[in-house]
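Visitor: no sequence for this one, just the structure:
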């Protein structure tokens, strides 16, 4: 496998295969609905805190915590946007304050979110919704350069699998110091730190500047906490986060789209959906949780609030949690003081969905995404129009067959765009029929007399090799960028590789799903070369000179050549994926060029080599493509507990 190909596969594999939860507009809508559920008195206190903190924020903040519908081009960020930009577009409350809100790109993220919301609202089919999400991810990567590389070290956006039905035991295991980072544990840490800082504000005594900064930091902590709280109510984050990247991503996406019938910890039934598929019931459920959290936060602004007082003695402290990096850390921080604080959250946790069980227990069915290395086979039927070469006039028509094997890496599960995130090398045999054309006054053809008996080019068999590789700016650039960025900056390589796999820096090569199949421009992504005259000898009549009378002299040459094919566009009308096997039918339109390598003249002997010339072709080919993704069948592993 070539170095650039390996580098691309590694970079895409390192990208965030474990999906985030609600998309930006859904996060914002949940937070806004939660704010509206507060009592007038609580909203008034929250608004006053927002007004007090605004001067300490660097960035385009709105006058009110919830600015309502700002249309397709938001001009400011409200508090309802904080959970949306936390976790996915930032890694800590400190980063939100010091880097994200003051960035040149954050309003671009809000714009993409608003456009995505409008597009989803008007989508009338599943294909349209999938296109909207794929385009949104690509647009977010374009405006937020670090979007693809965040959250690659952990599964923080998910709930831990449960080992029992005891709520207190599950809560304690999620918060326990050293436990894998998870949505419940992170919500608890950031929210309690916000309560502790709110209690500091309530007690007074801070200088004016310090108080403004403390109000700012408390809001940043609470906004960051709400991101993880909202994630808990996404169905794809409830069913379990164990297993390989491909199975985690596939399981997450399936249940987010098609939903899950489950219970909350109080034993009440619920049907939940997930990312980009939020239903009114999901909004109501998650926003009620946000409202409960905000009520606790507002109450902690009162001196002596019981929860606020206990919060000051929990965990590593608000300063440490303010800087805690949810993207890079892999385990929960200190849970000091949980025994005293935990019972106060029981009523809130009881309304959360019960998470699924783990790999060695009884669990919901698992689904795989098309992600990872694969081996495959292909077969093609093609027809082409050919011209040029030996100087003959007219167009020669021919048909052909090809078949062979492939090895590659698929990342369509990350890009969300069929056909874009695929790279492979191939080898096989190509068989081409004779090139027949009418004489049309052609001197060579007239000399031979019968075109069907003496075709322009005889039937032949060649060795075919090919490659498909996404590119960032120009075709083939990942062969250079891959190894260089891998040595200099793996993080930059991840960003570049995901952008390349998703359609390129200028994403005109992204694919579009329709009811009739998937369409994609692939110019520069795929090329194949067939070497004729290598496997078997190809004998052609070629001009070798001119007689004294001016007639063309013909000879027989053994021609070796290479035919390069460049597909331009493709249509995939049929495609299926069953656990580990993908099968597709693809129709490609493209052009090719055939370059002579050698043409020694055999008859008459002693003549210098001939020069057949360059020929061109336009082709249409039907391809049958099968890929088997390497890896274990997690859906067939029986419980071992």
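Guide: Happy to help now that I have it. Everything quoted here is computed from the prediction, not taken from an experiment.
Visitor: I'd like to know how many residues surround the spatially closest residue to residue 167 that is not a sequence neighbour.
Guide: Among residues not flanking residue 167 along the chain, residue 265 sits closest, at 4.9 Å (CB to CB, 6 or more residues apart in numbering). The way it works is simple: take the backbone N, C-alpha and C, and place the C-beta from them, glycine included. By other CB atoms under 10 Å, the residues close to residue 265 number 19.
Visitor: do the same with residue 330
Guide: 11.
Visitor: residue contacts, the residue nearest to it when sequence neighbours are not counted?
Guide: Nearest non-adjacent residue to residue 330, counting by CB to CB, 6+ apart: residue 154, 5.0 Å away. Applying CB atoms under 8 Å, 6 or more residues apart in numbering, one finds that residue 154 lies in contact with 180, 181, 326, 327, 329, 330.
Visitor: Need phi/psi at residue 126.
Guide: Backbone geometry at residue 126, expressed as degrees, to the nearest 10, gives phi -60, psi -40.
Visitor: and the residue nearest to residue 330, which of the three is it?
Guide: Three-state assignment for residue 154 (DSSP: H, G, I helix; E, B strand; the rest coil): coil.
Visitor: Read off the pLDDT value for it.
Guide: pLDDT, residue 154: 80.
Visitor: how near is it to residue 239?
Guide: Separation of residue 154 from residue 239 (CB to CB, to the nearest Å): 18 Å.
Visitor: Could you do residue 358 as well?
Guide: Distance from residue 358 to residue 239, counting by CB to CB: 11 Å.
Visitor: ok, the two, which is more surrounded?
Guide: Using other CB under 10 Å, the more surrounded residue of residue 358 and residue 239 is residue 239, with 28 against 18.
Visitor: Touching, residue 162 and residue 355? I think so.
Guide: Yes: counting by CB atoms under 8 Å, residue 355 is a contact partner of residue 162 at 5.1 Å.
Visitor: Pull up the overlap in contacts between those two.
Guide: Residues touching both residue 162 and residue 355 (CB under 8 Å, 6+ apart) are residue 170.
Visitor: Counting neighbours, go ahead and name the busier of those two.
Guide: residue 355 (24 against 20).
Visitor: State the next helix or strand along the chain beyond the longest helix anywhere in the chain.
Guide: Longest helix in the chain by number of residues (criterion: DSSP state H): helix 208-231. Following helix 208-231 in sequence order, the next helix or strand is helix 245-258 (DSSP states H and E).
Visitor: For residue 321, what is the enclosing helix or strand?
Guide: Assessed by DSSP H and E, residue 321 sits inside helix 318-322.
Visitor: mind listing what's buried in that helix?
Guide: Of all the residues in helix 318-322, those buried under the rule 16 or more other CB atoms under 10 Å are 318, 321, 322.
Visitor: dump the residue contacts of the residue nearest to residue 167.
Guide: Per CB under 8 Å, 6+ apart, neighbours of residue 265: 167, 349, 350, 351, 352, 354.
Visitor: Can you tell me the closest non-neighbouring residue to residue 272?
Guide: Spatial nearest neighbour of residue 272, chain neighbours left out: residue 235 (4.1 Å); criterion: CB to CB, 6+ apart.
Visitor: My guess is the one you found contacts residue 274. True?
Guide: Yes: Residue 235 lies in contact with residue 274 (CB under 8 Å); the separation is 4.2 Å.
Visitor: now the helices for the stretch 401-550 of the chain?
Guide: 412-415, 443-448, 478-488, 490-501 (DSSP state H, counting those that start in this stretch).
Visitor: what's the third one packed up against?
Guide: Using 3 or more CB pairs under 8 Å, 6 or more residues apart in numbering; DSSP states H and E as the contact definition, the elements that helix 478-488 packs against are helix 3-14, helix 490-501.
Visitor: Pass me the low-pLDDT residue ranges in the stretch 301-450 of the chain, would you?
Guide: 390-394, 413, 416-418, 437-450 (pLDDT under 70).
Visitor: and what of the stretch 151-300 of the chain?
Guide: 151-153.
Visitor: related to what we said a few turns ago, distance of the residue nearest to residue 272 from residue 354?
Guide: To residue 354, residue 235 is 12 Å away according to CB to CB.
Visitor: more crowded one of the two?
Guide: residue 235 (27 against 18).
Visitor: check contacts around that one.
Guide: 255, 256, 259, 260, 272, 273, 274, 353.
Visitor: at 7 Å what do you get?
Guide: 255, 256, 259, 260, 272, 273, 274 (CB atoms under 7 Å, 6 or more residues apart in numbering).
Visitor: re earlier: lowest mean pLDDT across the helices and strands packed on helix 478-488, which one is that?
Guide: When I compare those, helix 3-14 is least confident, with a mean of 52.
Visitor: what's in contact with the helix or strand just after that helix?
Guide: As assigned by DSSP H and E, the chain's next helix or strand after helix 3-14 is helix 24-36. Contact with helix 24-36 is made by 22, 43, 65-66, 80-81, 83-84, 109, 113-114, 116-117, 226-227, 230, 278, 283, 286-287, 290-291, 294, as judged by CB under 7 Å, 6+ apart.
Visitor: And the nearest residue to residue 492 once chain neighbours are set aside, how far from residue 138?
Guide: The shortest distance from residue 492 to any non-neighbouring residue, by CB to CB, 6+ apart, is to residue 485 (5.1 Å). Per CB to CB, residue 485 is found 19 Å from residue 138.
Visitor: how far does stretch 181-188 sit from the chain's center?
Guide: The chain centroid and the centroid of stretch 181-188 are separated by 24 Å, computed with CA atoms, centre = their mean, to the nearest Å.
Visitor: start at 46 instead
Guide: Got it, first residue is 46 now, which makes that one stretch 226-233.
Visitor: List the contacts of residue 265.
Guide: Here residue 265 is in contact with 138, 141, 142 (CB under 7 Å, 6+ apart).
Visitor: With residue 442 instead?
Guide: So residue 442 contacts 430, 481 (CB under 7 Å, 6+ apart).
Visitor: wait, is it part of a strand?
Guide: Yes: counting by three-state DSSP, residue 442 falls inside a strand.
Visitor: That one pairs with what?
Guide: On the basis of DSSP bridges, residue 442 is bridged to residue 430, residue 481.
Visitor: Am I right that residue 154 is in a helix?
Guide: Yes: using three-state DSSP, the assignment for residue 154 is a helix.
Visitor: neighbours around it, how many?
Guide: Neighbour count for residue 154, taken as other CB under 10 Å: 24.
Visitor: Touching, it and residue 187? I think so.
Guide: No: using CB atoms under 7 Å, residue 154 makes no contact with residue 187, being 10.2 Å away.
Visitor: Look up the closest residue to residue 557, ignoring the ones flanking it.
Guide: Nearest one to residue 557, counting by CB to CB, 6+ apart, is residue 564 at 5.2 Å.
Visitor: What distance do you get for that neighbour to residue 664?
Guide: Taking CB to CB, one finds residue 564 at 18 Å from residue 664.
Visitor: Between these two, which has more neighbouring residues?
Guide: Remark: of residue 564 and residue 664, residue 664 carries more neighbours, 22 against 16, as counted by other CB under 10 Å.
Visitor: so the more buried one touches residue 425, yeah?
Guide: No: here residue 664 does not reach residue 425: they are 9.8 Å apart, not a contact under CB under 7 Å.
Visitor: tell me, what's touching these two both at once?
Guide: Counting by CB under 7 Å, 6+ apart, residue 664 and residue 425 have no contacts in common.
Visitor: Mind giving me the packing neighbours of the following helix or strand past the helix holding residue 366?
Guide: Downstream of helix 363-367, the next assigned helix or strand under DSSP H and E is helix 383-386. Judged by 3 or more CB pairs under 7 Å, 6 or more residues apart in numbering; DSSP states H and E, helix 383-386 is in contact with helix 351-356.
Visitor: So residue 628 lies in a helix, does it not?
Guide: No: counting by three-state DSSP, residue 628 falls outside a helix, being strand.
Visitor: Can you name the residues that contact it?
Guide: 621, 671.
Visitor: So which residues of the stretch 496-645 of the chain form strands?
Guide: Counting by DSSP state E, counting those that start in this stretch, the stretch 496-645 of the chain has strands at residues 505-513, 557-559, 562-566, 571-577, 584-591, 597-603, 605-623, 626-643.
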